[in-house]
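1. Sequence first, predicted model second:
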Amino acid sequence: MIEKDGKLYLIPTRLGDNAPLEVLPISIKKIIESLDEYIVENEKTARRFIKRICPGKSQASLRLHVLNKYTDASQLPLFLKGCEQGEAIGLLSEAGCPGIADPGADVVKIAHENDIRVIPLVGPSSILLALMSSGMNGQQFTFNGYLPIEKSERKKELKLLEKISYERNQSQIFIETPYRNNSMLSDICDILGKHTSLCIASDITLPTEYIKTKTIAQWRHVSGDLHKRPTIFIIQKG
């Protein structure tokens, strides 16, 4: 049993609908068994995950605080009241690791400001797994999040990232809303130089996992469908 003494546990989750303990260490199961209070992005999926990993845990005992783009920032310190009173709380990501391309970073910042101990737990990060398997520079890299939606702005950003990648010998990592992945790939192939390398990493850790690194010239002759598949894009100009 984990002693509850004012800790904030950062709890990673699966990247897709596979068995939790295929990709998560048993230590996460032990932590979830011990906690009743969580900060989550979506209550329904959080309850489903907790039930999947700890079937015997009482759902009625769970106290969940929802943190998403609609949450009033003034409410965030209240989510950590339990920690200030000596309790342990879990910050549960919707997919992957809390605080990485995830709104949980705001809660972690408040925890540090209030001297609450923050404990990150081991779990899958699609960003790092993609970089590990890309064959690109893992010593120098930048995660850029989402690129602009507007086509002309996106074009400028892609050319800028390609330029930075060459000048600094940096891998440039970014993501897109899954239903716009095919459009993103089309823009990348149209805009970037033919010798620039591109890694596409989709459905990481799932049975449908797809990870390939090729030059832009080679990608222009590859057919495939990334629609609605969680995907990481990495470029590097050598």
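-> In hand now; what should we look at? Numbering: from 1, shown residues only.

2. Look up how far Met184 lies from Ile175.
-> Separation of Ile175 from Met184 (CB to CB, to the nearest Å) stands at 9 Å. (Glycine included, C-beta is placed from N, CA and C.)

3. what touches both of those two?
-> Residues touching both Ile175 and Met184 (CB atoms under 8 Å, 6 or more residues apart in numbering) are Phe233.

4. Any buried residues in the worst-scoring helix or strand of the chain on mean pLDDT, and which?
-> Within the chain, confidence by mean pLDDT, DSSP states H and E is lowest for helix 20-23 among all helices and strands, at a mean of 92. Going by neighbour count (16 or more other CB atoms under 10 Å), the buried part of helix 20-23 is Pro20, Val23.

5. next one: stretch 227-237
-> Neighbour-count burial for stretch 227-237, counted by 16+ other CB under 10 Å, picks out Arg229, Pro230, Thr231, Ile232, Phe233, Ile234, Ile235, Gln236, Lys237.

6. Just put the residues you listed in JSON lines and tack on pLDDT, secondary structure and distance to Leu24.
-> Listed next are the buried residues of stretch 227-237 as JSON lines, based on pLDDT from 0 to 100; DSSP: H, G, I helix; E, B strand; the rest coil; distance: CB to CB, whole Å:
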{"residue": "Arg229", "pLDDT": "97", "secondary structure": "coil", "distance to Leu24": "21"}
{"residue": "Pro230", "pLDDT": "97", "secondary structure": "coil", "distance to Leu24": "17"}
{"residue": "Thr231", "pLDDT": "98", "secondary structure": "strand", "distance to Leu24": "22"}
{"residue": "Ile232", "pLDDT": "98", "secondary structure": "strand", "distance to Leu24": "19"}
{"residue": "Phe233", "pLDDT": "98", "secondary structure": "strand", "distance to Leu24": "25"}
{"residue": "Ile234", "pLDDT": "98", "secondary structure": "strand", "distance to Leu24": "24"}
{"residue": "Ile235", "pLDDT": "98", "secondary structure": "strand", "distance to Leu24": "30"}
{"residue": "Gln236", "pLDDT": "98", "secondary structure": "strand", "distance to Leu24": "30"}
{"residue": "Lys237", "pLDDT": "96", "secondary structure": "coil", "distance to Leu24": "36"}
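
7. just those residues now: which is nearest Ile26?
-> Comparing these against Ile26 with CB to CB places Pro230 closest, at 25.0 Å.

8. Thanks again, I'm all set now.
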